[in-house]
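K.L.:
Just to be clear, the model below is a prediction. Sequence and coordinates:
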Number of protein chains: 4
Amino acid sequence: MNITLAQAESVITAAKQKATEINTKMNIAVVDAGSNLVAFVHMDGGWIGSVDISIKKAKTAAWFQMDTKALTPLVGPGQPLFNIEHSNGGLITFPGGVILKDESGEIIGAIGVSGSTVDDDHEVAEAGASAVK
Amino acid sequence: MNITLAQAESVITAAKQKATEINTKMNIAVVDAGSNLVAFVHMDGGWIGSVDISIKKAKTAAWFQMDTKALTPLVGPGQPLFNIEHSNGGLITFPGGVILKDESGEIIGAIGVSGSTVDDDHEVAEAGASAVK
Amino acid sequence: MNITLAQAESVITAAKQKATEINTKMNIAVVDAGSNLVAFVHMDGGWIGSVDISIKKAKTAAWFQMDTKALTPLVGPGQPLFNIEHSNGGLITFPGGVILKDESGEIIGAIGVSGSTVDDDHEVAEAGASAVK
Amino acid sequence: MNITLAQAESVITAAKQKATEINTKMNIAVVDAGSNLVAFVHMDGGWIGSVDISIKKAKTAAWFQMDTKALTPLVGPGQPLFNIEHSNGGLITFPGGVILKDESGEIIGAIGVSGSTVDDDHEVAEAGASAVK
């Protein structure tokens, strides 16, 4: 099962609402389980460098079927996946990419958020993900 | 002036409605006047190869301040801009990219549509563009 | 508001003057607020590897609306944005990229300087930026 | 011998003057004999898609030590260099790239111009080139 556009739009709406609540200007991307882009929004005044980062966070989460923050401890110097970011045309391995699961727990895609601190980014991504649980 | 997210969302809503009316499954991208992505949707079941094409159509229109169909007659063999597609990381020069102008006639961005025939793609892009005129 | 070419040329003139004063041979790039290149010079005998670095520094500053030296402490091993450089086709996150603001404080673009130590690079970039304040 | 920055600036000044005379908004790039960027300007309101095209025209001319319009008849279907544009990260083989020679006739670099018709582009490039002859 892949995420539908209607589901992706509900994810983006929930993420935008949280971004506004915490006073941030986010880029928000949703990809399907195959890592293909389904929906994207850039909030007015947000960093344009984060367009690409939000998409790469979503793709990274979908590619490895885990939140990007689960990769963070594995990619530092001396860690098992050091410099994995060189694969797939560029990964982003810090927080802000979150797996999307439906009610049955099946992975249907991923959301990537970028535009503030990584903690804010992750919080907004979680808010988006909760819309399809 | 750059397009706002609210404007981009109205463009996408109008384009989606037209796509549904003519029974197509489109990828629809909106970029600002500087060619940065503002909003995107992939309609359920649409070609995933058209994700990139819709974005490149929008960027091509914004980069050259004209609809992509204005470029089409100029890029064939023996024509003045033959193989211009090798620039900017890849252009798309067939119909489906349309300039977005506001009420005052100023360029505020562009829409790119891909997923059906190029005539359908252009028609849906025009429907989107009419939302901000 | 985006920087004009006349403004960009005054930025480059000021930066070149500072580079000469401190006996360096710089590459100096100016981009607009949307990160598109507006003006560039390579001083005679400067490092040609720094052509690309100066452009990437300017783009990085514009993309994230901050000087590149503000990113430096955030991108090391164990820091929140480790390996962010893999986004956007390559970032440069050490000093030498500086935001350009007009008299009213609005961001109108960015300057990137590369060709000496990062401290020299930043000093020359600041000298350029002061031309449009 | 490579072009100096002072020479490149005189080339750009002459090209800008011609561009203004014929009422165009050009992107103008100068590279040295080794195809490295020496100077660049984007005239206000010019196509941003032509930033890359002007640089690629200059590099193409420098790489092959000939004006890009000399390549044009060789790259069409059935011609000897068909699809040569796939090399070197992307060539531009239509008019607007012109070799720069000094008074002794030695090649010292190339100029690339993009932003109008290819005839206008070539005319402006020739005007620039005449500044160092």
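P.N.:
In hand now; what should we look at?
K.L.:
Mind telling me what element the closest residue to chain B within chain A is part of?
P.N.:
Using Cβ to the nearest Cβ, the closest approach of chain A to chain B is made by A:F40 at 4.1 Å. For glycine as for every other residue, the C-beta is placed from the backbone atoms N, C-alpha and C. Using DSSP states H and E, A:F40 maps to strand A:37-42.
K.L.:
can you pull the contacts of the residue of chain A closest to chain B?
P.N.:
A:F40 is in contact with A:I12, A:N27, A:I28, A:A29, A:V30, A:V51, A:S54, A:I55, B:L37, B:A39, B:F40, counting by Cβ atoms under 8 Å, 6 or more residues apart in numbering or on different chains.
K.L.:
give me that answer again for 10 Å
P.N.:
A:8, A:12, A:27-31, A:51, A:54-55, A:58, A:112, B:29-30, B:37-42, B:55 (Cβ atoms under 10 Å, 6 or more residues apart in numbering or on different chains).
K.L.:
can you tell me which of those are in helices?
P.N.:
A:A8, A:I12, A:V51, A:S54, A:I55, A:A58, B:I55 (DSSP state H).
K.L.:
Keep only those residues that also lie close to chain C.
P.N.:
A:V51, A:S54, A:I55 (Cβ under 10 Å from any Cβ of the partner chain).
K.L.:
Nearest residue to the last one in space, ignoring adjacent ones along the chain?
P.N.:
Read that as A:I55. Leaving aside its chain neighbours, A:I55 sits nearest to A:A29 (4.5 Å; criterion: Cβ to Cβ, 6 or more residues apart in numbering or on different chains).
K.L.:
so that neighbour bridges to which residues?
P.N.:
Applying DSSP bridges to A:A29 gives these bridge partners: A:F40, A:G112.
K.L.:
now it: how far from B:L91?
P.N.:
23 Å (Cβ to Cβ, to the nearest Å).
K.L.:
So between the two, which is more surrounded?
P.N.:
Each of A:A29 and B:L91 has its neighbours counted (other Cβ atoms under 10 Å in any protein chain shown); A:A29 has more, 34 against 25.
K.L.:
I'd like the distance between A:T13 and chain C.
P.N.:
25 Å (Cβ to the nearest Cβ, to the nearest Å).
K.L.:
Which residue does chain A have closest to chain D?
P.N.:
Nearest residue of chain A to chain D (Cβ to the nearest Cβ) works out as A:I48 at 13.5 Å.
K.L.:
Neighbours of the residue nearest to that residue when sequence neighbours are not counted, how many?
P.N.:
In this structure, A:I48 finds its nearest non-sequential neighbour in B:N36, 4.7 Å apart by Cβ to Cβ, 6+ apart. Neighbour count of B:N36, defined by other Cβ under 10 Å: 21.
K.L.:
looking at it, B:N36 is touching B:A8, isn't it?
P.N.:
No - using Cβ atoms under 10 Å, B:N36 is not in contact with B:A8; the gap is 11.2 Å.
K.L.:
Common neighbours of the two, please.
P.N.:
Overlap between the neighbourhoods of B:N36 and B:A8 consists of A:H42, B:N2, B:G109, taking contacts as Cβ under 10 Å, 6+ apart.
K.L.:
which bits of chain A sit near chain C?
P.N.:
So far as Cβ under 10 Å from any Cβ goes, chain A lies against chain C at A:45-57, A:72-73, A:75-79, A:82-95, A:114-115, A:117-119, A:121.
K.L.:
any idea how far B:G49 is from the most centrally placed residue in chain A?
P.N.:
Residue closest to the average C-alpha location in chain A (Cα atoms, centre = their mean): A:G112, at 1.6 Å. Separation of A:G112 from B:G49 (Cβ to Cβ) stands at 21 Å.
K.L.:
just A:S10 next, same as before
P.N.:
Distance from A:S10 to B:G49, by Cβ to Cβ: 26 Å.
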